[in-house]
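*Asks:* After the sequence you'll find the predicted model.
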Amino acid sequence: MLSLTQLVADELAVPALPQVHAFAAHIAAQYPEAARAVLFYGSCLRSEQLEGQMLDFYLIVSDYDSAYDTQWLAKWNRRLPPNVFPFQFEGLMAKVAVLSEQDFHDLNRPAASAVSVWARFAQPSRLVWVADEAAEQSAVRAISGAAPTLLNAALAFVEREVDVLDLWQSGFQMTYGAELRAERKDRPSSVIEFDPERYERFGRAALHHAMIANEYRGDKVHILADPERRIMQERNLWPALRRRGKMLTVARLAKAAFTYAGGIDYLAWKVNRHAGTDIKVRDWQRRWPLVAALFLVPKLLAKGAVR
């Protein structure tokens, strides 16, 4: 069986569509002093449908001061990571989240203050641009922490015997509940059903690195004796993680009013696409996106459009 690190490295190395690699090179070129890696992930990676969609990239930089000409952008990237920016290239659109190499590593680990990064990178991603071999190795090390973090969390809330795909689904459901998400309720299962063999392979390798003791018996994962009470420790983390995750979502929306041109339109598009709503953005909301975001989130919660 391949190690988790090797599985991550092999998956990152799978080529994406040529347009995606070209887009990634364009993104990196805007940060010549700081760009270390560009990662592609999300629904467009799975579907390979790019036209009319919003592609998802993470730009990993050496440090925030080198990435920006203005100190306030560097400051807010440090205080409330990531910064998110819209990009367009050769007819395609994307949103690009910016993290430093250190933050990317730390936010893929159990001590992360929120679930958003490790929840995304427990799923497939592609390394579509990289500065050098050291940057590639740094990305592999960082992402290798994501799947064990998610599965360890799920182990704390499932039965003593569980199928690994059910464990993945439990983990994704937990992370969706720890953010304000517009996706349909069946989204966690649809992510896994796209490539169940991938999640089988990664599950077997990642569970070796989980803090909660476990072992495979046949095709089932069994939770072992827990004298160090790691299950209870993990369970105790989640009420605060859920509260903090939703608060951070609102805070990032407010920050995006200043960093993301057209951010309120993107929010409406995202919610309509995944929740089946028909939200229309008014002119005043575009003029005052911060106020619009703060008013929009409670309405979406009341309607059940975000959870």
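*Replies:* Structure's in. What do you need?
*Asks:* Show me the strands in the stretch 51-200 of the chain, by range?
*Replies:* Assigned by DSSP state E, counting those that start in this stretch, the strands in the stretch 51-200 of the chain fall at 54-61, 83-89, 92-100, 125-130, 161-163.
*Asks:* mind putting the ones you listed in TSV, distance to residue 47, mean pLDDT and mean neighbour count included?
*Replies:* For the C-beta atoms, the positions are set from N, CA and C on the backbone; glycine is no exception. Below are the strands of the stretch 51-200 of the chain laid out as TSV (distance: least, C-beta to C-beta, whole Å; pLDDT from 0 to 100; neighbours: other C-beta atoms under 10 Å):
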stretch	distance to residue 47	mean pLDDT	mean neighbour count
strand 54-61	11	96	23
strand 83-89	19	92	17
strand 92-100	14	95	22
strand 125-130	14	98	23
strand 161-163	26	95	15
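*Asks:* I'd like to know which of those is closest to residue 151.
*Replies:* With C-beta to C-beta as the measure, strand 161-163 is the member of the strands of the stretch 51-200 of the chain nearest residue 151 (10.4 Å).
*Asks:* Run me through the strand neighbours of the closest one, direction for each.
*Replies:* Using DSSP bridges, the strands paired with strand 161-163 in its sheet are strand 220-223 (antiparallel).
*Asks:* can you list the strands of the stretch 51-200 of the chain in a markdown table and add distance to residue 111?
*Replies:* Formatted as a markdown table, the strands of the stretch 51-200 of the chain follow (distance: least, C-beta to C-beta, whole Å):
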| stretch | distance to residue 111 |
| --- | --- |
| strand 54-61 | 19 |
| strand 83-89 | 22 |
| strand 92-100 | 16 |
| strand 125-130 | 21 |
| strand 161-163 | 25 |
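*Asks:* how near is residue 66 to residue 35?
*Replies:* 9 Å (C-beta to C-beta, to the nearest Å).
*Asks:* Between those two, which is the more surrounded one?
*Replies:* For the pair residue 66 and residue 35, the greater number of neighbours falls to residue 35 (24 against 14), based on other C-beta atoms under 10 Å.
*Asks:* so what's the more buried one closest to, chain neighbours aside?
*Replies:* residue 28 (4.0 Å; C-beta to C-beta, 6 or more residues apart in numbering).
*Asks:* Can you report how many residues lie near the one you found?
*Replies:* A count of neighbours around residue 28, defined by other C-beta under 10 Å, yields 22.
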